[in-house]
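Asks: got a structure for you, letters missing:
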Ligand code: 5AD
Ligand code: SF4
């Protein structure tokens, strides 16, 4: 079960280290190694950190044994995520003994949550930096070089790193993530994010567009706009004072080029508007896929979670999405065993999952986080075996729903963006359709390359993947 709980967001990537800059012939005096955990936002932040460090004359390495600086960009969302990082840190102890000038830094949400406690508890940590303080890194490194412990965990109301171009490391050169806002104002009672990432703020629209245009010019074919709650994106440019909403931002990005795909994550069911749905329906290059976390199917539990919608409201949203886009893929996040959850509440969740026919879900059991509203207000009273049994039932149902969803696609033809070779064979391409499903198909005699679009007919499916064959180009 822990295996499942560990599957945070896109999650083969947990603990992934960045590759050295792809075309970087420079020799550097010092090298950094960075490993990322948690959500897409954190992976995106690591690219900003890489950019700041590179500007300071540090090179990236994928081999931590040759690094002068080791950074872990950490996640606090569940206890398990923090335990993984703590375990990883102890592995660096030996290294530090043999190389006393090695600096170890903790970045991200755990740094923000634990602050100076980190320096006391984990004797090997030299630098602690919260998500809004990455610009201070060069100065903090200098302090740490001088033998001091260095810390900056100030949260900001303004910082969006708008002017910093992220260094794309480990990229396939085809798909990229673009951060459009930071922080979160929702205060879901189970969630540590408002405390670790601070108040919500939207990034300058023009800098987002410039980054997307630049990616397209470099050959990228897909951008995913990232934020904890993208629907509340709101930016007023000084030049004309005309507000840019999320719907407008989506449209502006979609207009960059018809063959640049646009995705976004994450939506909040209470905030996603008809305007956004209408914009999605209007542009073929805005992908028909919405990640719409449910969390619980019980109105009573949703109230305690401070989600600000009811079961009926959520169902109406799903209906609305399908009215605008009958072929839209929908996925979810679900928490099993939140405080006071009864068997009837759990059944409500299963029932709503069937109603929404999710193509995919990330599923977790509730993990109480210190300092959150739920921890202060409610007892974590669902026994662990019950949480795990309910989670298992949720996972089993989702497996059925995913298999059914894939079976419904057999015989259909989709436009697929080729991302690279399939994991299993160099003879096959791997790509995604608009609904974000992975499709694997033989390369055949066609002269195609990553970044090309191709029409693929689905012939069969496994639980997670569609298998097909090329029917035509573009
Ligand atoms: N326990 C379990 N799952 C959680 N999530 C957030 N906080 C917790 C918690 N305390 C889940 C939610 C969220 C996803 C990113 O992680 O489902 O949408
Ligand atoms: Fe983890 Fe949340 Fe921080 Fe992302 S924002 S790294 S999921 S705690």
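Replies: Great, that's in hand. Everything quoted here is computed from the prediction, not taken from an experiment. Ligands and ions are numbered 1, 2, ... in the order given.
Asks: How about the residues of the stretch 301-450 of the chain by ligand 1?
Replies: With the criterion set to C-beta under 6 Å from any ligand atom, the stretch 301-450 of the chain comes near ligand 1 through 333, 335, 364, 366, 367, 369. Bear in mind the C-beta positions are built from the backbone N, C-alpha and C, glycine included.
Asks: can you check the stretch 1-150 of the chain too?
Replies: Proximity of the stretch 1-150 of the chain to ligand 1 (C-beta under 6 Å from any ligand atom) is limited to residues 77, 78.
Asks: Helix, strand, or coil at residue 455?
Replies: The three-state label given to residue 455 by DSSP: H, G, I helix; E, B strand; the rest coil is strand.
Asks: Strands - which of the residues of the stretch 301-450 of the chain next to ligand 1 land there?
Replies: Those of these mapping onto strands are 333, 335, 364, per DSSP state E.
Asks: Could you dump the residues of the stretch 301-450 of the chain next to ligand 1 into JSON lines with neighbour count added?
Replies: Shown next, in JSON lines, are these (neighbours: other C-beta atoms under 10 Å):
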{"residue": "333", "neighbour count": "16"}
{"residue": "335", "neighbour count": "27"}
{"residue": "364", "neighbour count": "24"}
{"residue": "366", "neighbour count": "23"}
{"residue": "367", "neighbour count": "18"}
{"residue": "369", "neighbour count": "21"}
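Asks: As CSV, these with pLDDT and distance to residue 284 would be great.
Replies: CSV is the format used below for those (pLDDT from 0 to 100; distance: C-beta to C-beta, whole Å):
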residue, pLDDT, distance to residue 284
333, 98, 28
335, 98, 35
364, 98, 34
366, 98, 40
367, 98, 40
369, 97, 41
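Asks: Determine which two of these are furthest apart.
Replies: 333 and 369 (15.2 Å; C-beta to C-beta).
Asks: State the distance from the closest residue to residue 134 other than its chain neighbours to residue 127.
Replies: Spatially, and ignoring its direct neighbours in sequence, residue 134 is nearest to residue 49 (5.3 Å; C-beta to C-beta, 6 or more residues apart in numbering). Distance of residue 49 to residue 127, given as C-beta to C-beta, to the nearest Å: 12 Å.
Asks: mind checking pLDDT for residue 251?
Replies: Looking at residue 251, its pLDDT is 98.
Asks: following the host helix or strand of it, which helix or strand comes up?
Replies: Using DSSP states H and E, residue 251 sits within helix 246-254. Using DSSP H and E, the next helix or strand after helix 246-254 towards the C-terminus is strand 261-265.
Asks: Can you spell out which helices and strands pack onto the very next helix or strand once past that following strand?
Replies: Downstream of strand 261-265, the next assigned helix or strand under DSSP H and E is helix 274-282. Contact analysis of helix 274-282 by 3 or more C-beta pairs under 8 Å, 6 or more residues apart in numbering; DSSP states H and E lists helix 246-254, helix 311-324 as its packing neighbours.
Asks: Helix 274-282 versus helix 311-324: what angle between them?
Replies: Computed by axes from the mean of the first three to the mean of the last three C-alpha atoms, to 10 degrees, the angle separating helix 274-282 from helix 311-324 equals 30 degrees.
Asks: Buried residues in helix 274-282, which are they?
Replies: By 16 or more other C-beta atoms under 10 Å, the buried positions in helix 274-282 come out as 276, 277, 279, 280, 281.
Asks: what's the spacing between the third one and residue 231?
Replies: Note on residue 279: its distance to residue 231, by C-beta to C-beta, is 12 Å.
Asks: wait, what's in contact with whichever residue of the chain sits closest to ligand 1?
Replies: Proximity of the chain to ligand 1 (C-beta to the nearest ligand atom) peaks at residue 333, 3.3 Å away. Remark: with contacts taken as C-beta atoms under 8 Å, 6 or more residues apart in numbering, residue 333 is in contact with 291, 293, 294, 295, 361, 362, 363, 364.
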